[in-house]
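Chemist: Dropping the sequence and predicted coords here.
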Protein chains: 2
Amino acid sequence: MPVTDKQPLHTAISQKLKQQIEAGQYPPGDRLPSEFDLGELFGVSRTTIRRAVANLIHQGIVTTQQGKGTFVSDRQKISFSMSNPLMRFDLALQQQGYTAHIKSLRFERVQPPPEVARKLQLPDPTSKVYQQEKIIYADDSPIALELDYFPDTILPELADQLREGFTYSVLAANGVQLNAAKVSLESIPTTHELSQYLEAPLGMPLLVFSYVTYQCNRQPVVCGKTLSRSDWTCYTSEFEIDNVE
Amino acid sequence: MPVTDKQPLHTAISQKLKQQIEAGQYPPGDRLPSEFDLGELFGVSRTTIRRAVANLIHQGIVTTQQGKGTFVSDRQKISFSMSNPLMRFDLALQQQGYTAHIKSLRFERVQPPPEVARKLQLPDPTSKVYQQEKIIYADDSPIALELDYFPDTILPELADQLREGFTYSVLAANGVQLNAAKVSLESIPTTHELSQYLEAPLGMPLLVFSYVTYQCNRQPVVCGKTLSRSDWTCYTSEFEIDNVE
DNA sequence: TAGTGGTCTAGACCACATC
DNA sequence: ATGTGGTCTAGACCACTAG
């Protein structure tokens, strides 16, 4: 038994609840006893129960609805391929049985932060680019927030389509050939603002997929990032390995 | 201003503290006022201050030390390449100026879970494989927990080396040529057990990098996952795109 | 000994859902 | 009107750090 450190009450209780849920005592969709009742069941205060439930919420095991109760969730993750088809979120969602749509929050011409200007290889760091901010929905559930910067090389011709469509599908439909990409993946917890957008509990992990994509002529096309709910999404890839040696 | 929903006190306070930290009012390494003092400064209870500080801890902005105080952290992430060199964590760490070592927690012959048996393409799902569990350190800080399953095709010859070394570096040093890999990335929050291993606060996001790697003959070599602290690590990749059409 | 963060309690008030 | 989760308070006790 590793690191059997005596643990706090709230983690012990969330473990116990997790076991009970996995044992089928509370099937998916079921409501858990109220926080008050759980407090009596375990003989602890409601505050401690709330901390235990918060642990389960972060793990995506349960969700809460004010005024209704705490419910066992059941969901399997949507997987996005990092390789092929490249970042076609709408295609990936449809292939996995979801209807996909977006809501554009912002689309405007701005002076990008220095890092973006560098990544887009702008000749003049003070020149402006288009910035879009949108929410991606799967079956009316917000699963990701996308922040893109578009250089003038592809705008404004595609502005109207990009405003209301999925970035890489719009590009593909308009014959913009992508040739290379640099991507990175990290994770951050939701802040208050992000939790509002994604209807996610505060502090739940988000996957941050950052990318710069390049056209055939090595010119950057898009620089942006997609912040997706970790309880809904994962990223996958398959590749052959060059054994340099 | 998007979703300007009136927010809870504790998130407002953590935002304010974050701004003050970023503004240089509390430089990296500095100690914040005690929770009691912060409570008086903001005119709220210590409980609310603790929630605000917990938000900052999750974001990796501050760390706490019992009996000493709350300190502003300063760190930049270690990036692991998903493409090349493949999963050589020790190399990646050294290239980024860290000393790398591991601590083996377990190394034993077990019957793998069905999913692992499938991924390793075991002819008999009840046959046993070697399982290793180890912690990866960067400069004596635990940054990742690695869980690997090794089929008998490469063991037991390499057992001693795998027990005390970095998986893919041991394989490379012994001429095991990797030919392909399937990987996925997701994120989960630390449970109590994981937070003990990684000396991370409960609920902080972890990056889960799962992989199956294959030898030249398409035989699986390793199936496992690396759970790494999201405040220390990120994964990157660069690739050319096959425009299938 | 004094000060710090870590945990837990008991209770208050609120907003929301249901009947 | 009642029950639910969401927030916040005031205070207790503990474990750890420091002088």
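Modeler: Thanks, I have the structure now. Numbers count the residues shown, from 1 in each chain, chains lettered A, B, ... in the order given.
Chemist: alpha carbons only for contacts and neighbour counts from here, please
Modeler: Fine.
Chemist: Surely A:Gly69 and A:Arg31 touch.
Modeler: Yes. With contact taken as Cα atoms under 8 Å, A:Gly69 and A:Arg31 are classed as touching, separated by 6.4 Å.
Chemist: between the two, who's got more neighbours?
Modeler: A:Arg31 (17 against 14; other Cα atoms under 10 Å in any protein chain shown).
Chemist: who's that one bridged to?
Modeler: A:Phe71 (DSSP bridges).
Chemist: any idea how far it is from A:Gln25?
Modeler: 11 Å (Cα to Cα, to the nearest Å).
Chemist: roughly how far out does stretch A:120-129 sit from the chain middle?
Modeler: The chain centre lies 28 Å from the centre of stretch A:120-129; the measure is Cα atoms, centre = their mean, to the nearest Å.
Chemist: can you pull the contacts of A:Gln132?
Modeler: By Cα atoms under 8 Å, 6 or more residues apart in numbering or on different chains, the contact set of A:Gln132 is A:Ser104, A:Leu105, A:Arg106, A:Phe107, A:Glu108, A:Glu146, A:Leu147, A:Asp148, A:Tyr149, A:Arg163.
Chemist: Next up, the contacts around the first one.
Modeler: This points to A:Ser104. A:Gln132, A:Glu133, A:Lys134, A:Ile135, A:Arg163, A:Glu164.
Chemist: Using CSV, write out every CA atom in the host helix or strand of it.
Modeler: Secondary structure from DSSP states H and E places A:Ser104 in strand A:100-110. What follows is strand A:100-110, C-alpha atoms only, in CSV (Å, rounded to 0.1, in the frame of the first residue of the first chain):
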residue,chain,number,x,y,z
ALA,A,100,-21.8,20.4,-33.6
HIS,A,101,-22.2,24.1,-33.7
ILE,A,102,-20.5,27.2,-32.5
LYS,A,103,-21.4,30.5,-31.0
SER,A,104,-19.2,33.4,-32.0
LEU,A,105,-18.5,35.7,-29.0
ARG,A,106,-16.2,38.2,-30.7
PHE,A,107,-14.7,38.8,-34.1
GLU,A,108,-12.7,42.0,-34.4
ARG,A,109,-9.6,43.5,-35.6
VAL,A,110,-7.0,44.0,-32.8
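Chemist: just checking, next helix/strand downstream of that strand?
Modeler: Helices and strands here follow DSSP H and E; after strand A:100-110, the next one along the chain is helix A:114-119.
Chemist: and stretch A:10-24, anywhere near DNA strand C?
Modeler: Yes. For stretch A:10-24, a contact with DNA strand C is found by Cα under 7 Å from any atom of the strand, at A:His10.
Chemist: from the middle of its chain, how far away would that stretch be?
Modeler: Centroid separation between stretch A:10-24 and its chain, computed with Cα atoms, centre = their mean, is 26 Å.
Chemist: who touches it?
Modeler: Outside stretch A:10-24, the residues that touch it by Cα under 8 Å, 6+ apart are A:26-27, A:42, A:48-49, A:51-53, A:55-56, A:61, A:72, B:192.
Chemist: List the buried residues in it.
Modeler: Residues of stretch A:10-24 classed as buried by neighbour count (16 or more other Cα atoms under 10 Å in any protein chain shown): A:His10, A:Thr11, A:Ile13, A:Ser14, A:Gln15, A:Leu17, A:Lys18, A:Ile21.
Chemist: Pop the domain breakdown of chain A in here.
Modeler: A:9-72, A:78-236 (automatic domain parsing).
Chemist: re earlier: ok, so of the contacts of A:Gln132, who is nearest B:Ile188?
Modeler: Proximity of the contacts of A:Gln132 to B:Ile188 (Cα to Cα) peaks at A:Glu146, which lies at 20.6 Å.
Chemist: Backbone dihedrals for A:Gln19, please?
Modeler: Dihedral angles of A:Gln19 (phi, psi; degrees, to the nearest 10) stand at phi -60, psi -40.
Chemist: What's the separation between it and B:Asp152?
Modeler: 33 Å.
Chemist: and what of A:Leu158?
Modeler: Look at A:Leu158 and B:Asp152: by Cα to Cα, they are 55 Å apart.
Chemist: More neighbours: the two, which one.
Modeler: Neighbour count, other Cα under 10 Å: between A:Leu158 and B:Asp152, B:Asp152 has more, with 15 against 12.
Chemist: follow-up on the earlier one: comparing the domains of chain A by mean pLDDT, which bottoms out?
Modeler: Ranked by mean pLDDT, the domains of chain A end with domain A:78-236 at the bottom, a mean of 90.
Chemist: right, is that one up against DNA strand C?
Modeler: No. Domain A:78-236 lies apart from DNA strand C when judged by Cα under 7 Å from any atom of the strand; the minimum separation is 13.3 Å.
Chemist: Any part of that domain near DNA strand D?
Modeler: No. Counting by Cα under 7 Å from any atom of the strand, DNA strand D is not contacted by domain A:78-236; separation bottoms out at 8.0 Å.
Chemist: So for that domain, first residue to last residue, what's the gap.
Modeler: This stretch, domain A:78-236, spans 10 Å end to end (Cα to Cα).
Chemist: now swap in stretch A:19-36 and tell me
Modeler: Rule used - Cα to Cα; the end-to-end distance of stretch A:19-36 is 20 Å.
Chemist: chain center to it: distance?
Modeler: 26 Å.
Chemist: would you list every one of the strands in chain A?
Modeler: With DSSP state E applied, chain A shows strands at A:62-65, A:69-72, A:78-81, A:100-110, A:129-138, A:141-150, A:178-189, A:205-215, A:220-229, A:233-240, listed in chain order.
Chemist: ok so, going back, who touches both of A:Gly69 and A:Arg31?
Modeler: What both A:Gly69 and A:Arg31 touch, as defined by Cα under 8 Å, 6+ apart, is an empty set.
Chemist: ok, and the most crowded of the contacts of A:Gln132?
Modeler: A:Tyr149 (25 neighbours).
Chemist: contacting residues for it?
Modeler: Contact partners of A:Tyr149, counting by Cα under 8 Å, 6+ apart, are A:Pro112, A:Val116, A:Val129, A:Tyr130, A:Gln131, A:Gln132, A:Val222, A:Cys223, A:Gly224.
Chemist: Tell me the one among those residues nearest to A:Asn174.
Modeler: Taking Cα to Cα as the measure, A:Asn174 sits nearest to A:Val222 out of the contacts of A:Tyr149, at 14.5 Å.
Chemist: That closest one: neighbour count?
Modeler: 24.
Chemist: So it versus A:Phe150, what's the distance?
Modeler: A:Val222 is 5 Å from A:Phe150, by Cα to Cα.
Chemist: do A:Leu206 as well
Modeler: Using Cα to Cα, we find A:Leu206 at a distance of 24 Å from A:Phe150.
Chemist: For the residue most central in space within chain A, list the residues it contacts.
Modeler: Most central in chain A under Cα atoms, centre = their mean is A:Ser228, positioned 0.4 Å from the mean C-alpha point. Taking Cα under 8 Å, 6+ apart as the contact definition, A:Ser228 lies against A:Ile143, A:Ala144, A:Leu145, A:Leu206, A:Leu207, A:Val208.
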